[in-house]
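**Student:** sequence and predicted model, in that order:
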Amino acid sequence: MRSSDTIFALSSGRLPSGVALVRISGPSARAAAQALAGTVPAPRHATYTILRAPPTGEALDRGLILFFEGPRSATGEDLLELHLHGGRAVVAAVLSTLSGLDGFRPAQPGEFTRRAHANGKMDLAEVEGLGDLIAAESEAQRRQALAQASGVLSRRVSGWRARLIRALALVEATIDFSDEDDVPEDLTGPALLETGLLREELAAALADSARGEMVRDGLSIAIAGPPNAGKSTLLNRLAGREAAIVSHRPGTTRDLLEVHLELAGQAVTLIDTAGLRETDDEVEAEGIRRARARAASADLVLWLSEEGAPPPPELAQALAVRTKADQAETGPGEDERLAISAATGQGIDELIALIEARAAELGGGEPALITRERQRLALKDALAHLDRALARADGGGEGLLAEDLLAEDLRLAARALDALVGRVDMEDVLDALFRTFCIGK
């Protein structure tokens, strides 16, 4: 992908549509306006015109064109937008015409955003937020992704880094100018005080990272229990459709079945699992092994039992639910466990309320700063260097050697913060990230 190429793509989604947006970015974007419209409109002024195919002059469509002169554009380079009628034939004719112009080629997935990143319009954290915003399926995911794409993490990291650099400057002043009369004797003390405060802020953000990753991935709820406890029936009731096969025969469910939905603005994945029991059937045994592993990794486990039996020790934190309440002889108030009947709907509203409370707890409040494993690992690296710096100071150590090592710890922490927002070389991360973007973004 050469930056000297001028790229183009449909950026408005599936056709047909009321309006189609074609974006053109690169050094020849101005020439595209001249070739198709016969003029280059004033920057940022929408112009209604007839688009024609050179060199025949055949009319392609009537629409609006907007020109954004670089670097004041979304990509940081000259950018042209064509607002067309959203018919397939119209868009195909315009794209075919652009393909025939010298130096023009179709854009690759995420290439507009990649150019914005390369030209300093977006850092890596903002690009990741934009990718999450495109993929958002719940209100909590939308809020969190929009905050990331708007630069919330980037601004916080910039502030952290500025404070870290000031602390580093004090330590280096101690090293370089310790013999100067006009330099205070103790500059390392204030530097370590600032480092300690910064360390606490980074630790708080890291502690909240699990919530950020969980919102991004969605809340996973495993429905577990012995065979014929009503797991598949409950899944179908919550999903509002016949997603799982229901049978009175034990061992019907042998593999994991996932259903995605939204509760309390939070993305939720329900997982129907195989009934837990001892069996000689190899296939069912594998399903039970997978069920145990998935339940152990789920954010919430609903333990279903017809008799109200407690969950096994490895699932001690599961929510115990007594099923088939419409068939039970237990009277109201005689069993403290939540009692439901997936067949009649008894207790389902109460169960949903409990799940929604857990989902609201997860997605409520301000969006988390750290939302991806890559970000968490970079922040963890920065925190480790700050811990090492503070431990070095607590351990004593005298002379310039100790201060030199302290300065190096602070430099490495700053570099880890740079990696967090992509200020250092992150080509492998970028390659993997942009492959997930759609063409035209």
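**Tutor:** Good, I have the coordinates.

**Student:** could you point out the helix or strand that follows the helix or strand hosting I165?
**Tutor:** In the assignment (DSSP states H and E), I165 maps to helix 152-177. As assigned by DSSP H and E, the chain's next helix or strand after helix 152-177 is helix 188-207.

**Student:** what mean pLDDT does that next one get?
**Tutor:** In this model, helix 188-207 has a mean pLDDT of 91.

**Student:** ok, now stretch 301-309?
**Tutor:** 82.

**Student:** other residues contacting that stretch?
**Tutor:** For stretch 301-309, contacts defined as CB atoms under 8 Å, 6 or more residues apart in numbering pick out 221-226, 228-231, 234, 295, 310-311, 315, 317-324, 328, 330, 335, 337, 339, 351. Backbone N, C-alpha and C define where each C-beta goes, glycine included.

**Student:** residues near T195, how many?
**Tutor:** 26 (other CB atoms under 10 Å).

**Student:** wait, it sits on A389?
**Tutor:** Yes - proximity of T195 to A389 meets the contact threshold set by CB atoms under 8 Å, at 5.8 Å.

**Student:** joint contacts of the two?
**Tutor:** Common neighbours of T195 and A389 (CB under 8 Å, 6+ apart) are L410.

**Student:** now stretch 207-215: how far from the chain's centre is it?
**Tutor:** 11 Å (CA atoms, centre = their mean, to the nearest Å).

**Student:** now it: buried residues?
**Tutor:** Buried residues in stretch 207-215, counted by 16 or more other CB atoms under 10 Å: 208-209, 211-215.

**Student:** distance of A391 relative to L369?
**Tutor:** 25 Å (CB to CB, to the nearest Å).

**Student:** of those two, who's got more company?
**Tutor:** The neighbour comparison of A391 against L369 (other CB under 10 Å) goes to L369, with 22 against 10.

**Student:** is it fair to say that one lies in a helix?
**Tutor:** No - looking at L369 with DSSP: H, G, I helix; E, B strand; the rest coil, it is coil, so not inside a helix.

**Student:** pretty sure it sits against G212.
**Tutor:** Yes - counting by CB under 8 Å, G212 is a contact partner of L369 at 6.8 Å.

**Student:** for PyMOL, write a command that selects the buried ones of the contacts of stretch 301-309.
**Tutor:** Buried residues within the contacts of stretch 301-309, by 16+ other CB under 10 Å, are selected in PyMOL with:
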select buried, resi 221+222+223+224+225+226+228+229+230+231+234+295+311+315+318+319+320+321+322+323+324+328+337+339+351
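
**Student:** show me what the biggest strand by length in the chain is packed up against.
**Tutor:** Looking across the chain with DSSP state E, the single longest strand is strand 58-68. Applying 3 or more CB pairs under 8 Å, 6 or more residues apart in numbering; DSSP states H and E, we find strand 58-68 packed against helix 29-37, strand 47-53, strand 79-86, helix 88-99.
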